[in-house]
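Novice: Got a predicted model here, sequence first, then my questions.
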Amino acid sequence: MDNVTEVYNFSAGPAVLPVSVIKKMQAEQPSFKDSGMSVLEISHRSSLYEEMFHQAKSDLRKLMKIPDTYEILFQQGGATLQFTATALNLATKQKRIGLIDSGHWSQRAGQEAQLVGVEVDPVASGQASGYTELPYQLNLTGAYDYLHITTNNTIEGTMYRRLPATEGNLLVGDMSSNILGQSYDVNDFGLIYAGAQKNIGPAGLTIVIVKKDLLGQAQALPAMLDYSKQAKKDSALNTPPVFAIYAAGLVFKWLLDLGGVAAMQKRNEKKAALLYDYLDNSTLFKPAVTKVSDRSTTNVPFMTGDEALDARFIEEATAQGLLNLKGHRLVGGMRASLYNAFPYEGVEALVAFMEKFAKTVGEK
């Protein structure tokens, strides 16, 4: 990357963080709140941590308009652990859930639930379209403990802007890749979970937002998997991910200063529109998702249709400071992840390079 002055990180996660947040973390590392200790050193039993934790929790509640009837948990283990935890905590009566199969990560959620003895009924699937379109029509049969939905599919590049009709069933949402970037009504869900490393902060933190009246249904669960026990200990049943919570709190403040989730959604739509507009008019590059209403504003997979040409594009883009554009192995091609902290200027730089590249190789 000789002579490259600006780097843009299109990684699907861990992902780009706001520059101002990184600078604040850097400035506060030697002495957090003038304590003489780094935030990496402070005890989770200290008043320094308690104040920071409760402020982050309060700001998240404000950002997502989370009612007091919901508990907010700051957990570890990533969203993958929540595939299991949600099943153990909520699938306690019917031991049966309905899976809205919109791609790889929803399938993984179903597989993990099955491992703990829960029946998984695929009530809708995007398989017929190759997961380039979202399933909305649900085939519900019998009773379910809950229905599971993945709101944004990072691999396939699809995103739910409106939720399917659940016919009164409890809805659990994996919101890992578009939480705080797309507006949803928390009241539509019984539980929401999200890994932090895409839209919130560094890896190591997982957000769980759960209706309080759903707590305590399960019996004899391991403590770290029991939402009720975690809630009683205010997410400090063991040592919590202090630094990740601190970083998330800074991101929450950054989002509030920018106008909250609705403002961020508009910013994300503007970024995505610039890239999709170019892709729709290019004769070399093609978007993986052609149905406009199903397109993700967060993850945009695209390709040329020629693997060798894709590889050349990725190599040359990397040399120009456009990093981590290689697509997921299940889809191939390229993928631009445009999370909340990703700047509009980065999309402009990508489109400019794509135009130049297309002229170099000759538009098809």
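Specialist: On my side now, so go ahead. Numbering: from 1, shown residues only.
Novice: can you list the residues that contact stretch 315-332?
Specialist: 1-2, 4-12, 104, 154-157, 288, 301, 303, 307, 310, 313-314, 333-337, 346, 349-350, 353, 357 (C-beta atoms under 8 Å, 6 or more residues apart in numbering). Backbone N, C-alpha and C define where each C-beta goes, glycine included.
Novice: Spell out which residues make up each domain of the protein.
Specialist: As assigned by automatic domain parsing, the chain contains the domains 22-257, 260-361.
Novice: out of those, which comes closest to residue 16?
Specialist: The closest of those to residue 16 is domain 260-361. By C-beta to C-beta, the value is 4.8 Å.
Novice: Where do the strands of the chain begin and end?
Specialist: 8-9, 70-75, 96-101, 119-125, 146-150, 152-153, 158-159, 171-174, 191-195, 206-211, 286-287, 299-303, 322-323, 334-337 (DSSP state E).
Novice: List of residues touching the last one?
Specialist: Counting by C-beta under 8 Å, 6+ apart, strand 334-337 makes contact with 10-13, 15, 154, 157, 198, 275, 298-303, 310, 313-314, 324-328, 347, 350, all of which sit outside it.
Novice: And the second one, by the same measure?
Specialist: Residues from elsewhere that reach strand 70-75, judged by C-beta under 8 Å, 6+ apart: 53, 56-57, 60-61, 66, 81-82, 85, 186, 205-212, 215, 227, 230-231, 235, 240-241, 245, 248.
Novice: From these, keep the buried residues only.
Specialist: Neighbour counting with 16 or more other C-beta atoms under 10 Å marks 53, 56-57, 60-61, 66, 81-82, 85, 186, 205-211, 215, 227, 230-231, 235, 240-241, 245, 248 as buried within the contacts of strand 70-75.
Novice: Now go through these and say which are in helices.
Specialist: 53, 56-57, 60-61, 81-82, 85, 227, 230-231, 245, 248 (DSSP state H).
Novice: Quick check: the two most widely separated of those residues?
Specialist: 61 and 81 (22.8 Å).
Novice: What's the separation between residue 168 and residue 256?
Specialist: Residue 168 sits 34 Å away from residue 256, going by C-beta to C-beta, to the nearest Å.
Novice: what about those two, which has more around it?
Specialist: Higher neighbour count among residue 168 and residue 256: residue 256, with 14 against 6, using other C-beta atoms under 10 Å.
Novice: give me every residue that touches that one.
Specialist: 59, 62-63.
Novice: Please spell out the ChimeraX selection for the buried subset of those residues.
Specialist: In ChimeraX syntax, the buried subset of the contacts of residue 256 is picked out as below (16+ other C-beta under 10 Å):
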select :59,63
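Novice: so how many other residues sit close to residue 140?
Specialist: Neighbour tally, residue 140, other C-beta under 10 Å: 16.
Novice: Hmm, it is touching residue 122, no?
Specialist: No. The pair residue 140 and residue 122 does not pass the contact test of C-beta atoms under 8 Å, sitting 11.4 Å apart.
Novice: Identify the contacts common to those two.
Specialist: residue 98.
Novice: Could you measure from residue 143 over to residue 172?
Specialist: From residue 143 to residue 172 the distance is 15 Å (C-beta to C-beta).
Novice: quick one, which of those two is more surrounded?
Specialist: residue 172 (26 against 10).
Novice: how far away is that one from residue 83?
Specialist: 10 Å.
Novice: do the same with residue 278
Specialist: Separation of residue 278 from residue 83 (C-beta to C-beta): 36 Å.
Novice: the more surrounded of these two?
Specialist: Applying other C-beta under 10 Å to residue 278 and residue 83 shows that residue 83 carries more neighbours, namely 22 against 19.
Novice: check contacts around the residue nearest to the more buried one when sequence neighbours are not counted.
Specialist: Nearest residue to residue 83 in three dimensions, chain neighbours excluded: residue 112, at 3.5 Å (C-beta to C-beta, 6 or more residues apart in numbering). Residues near residue 112 by C-beta under 8 Å, 6+ apart: 80, 83-84, 87.
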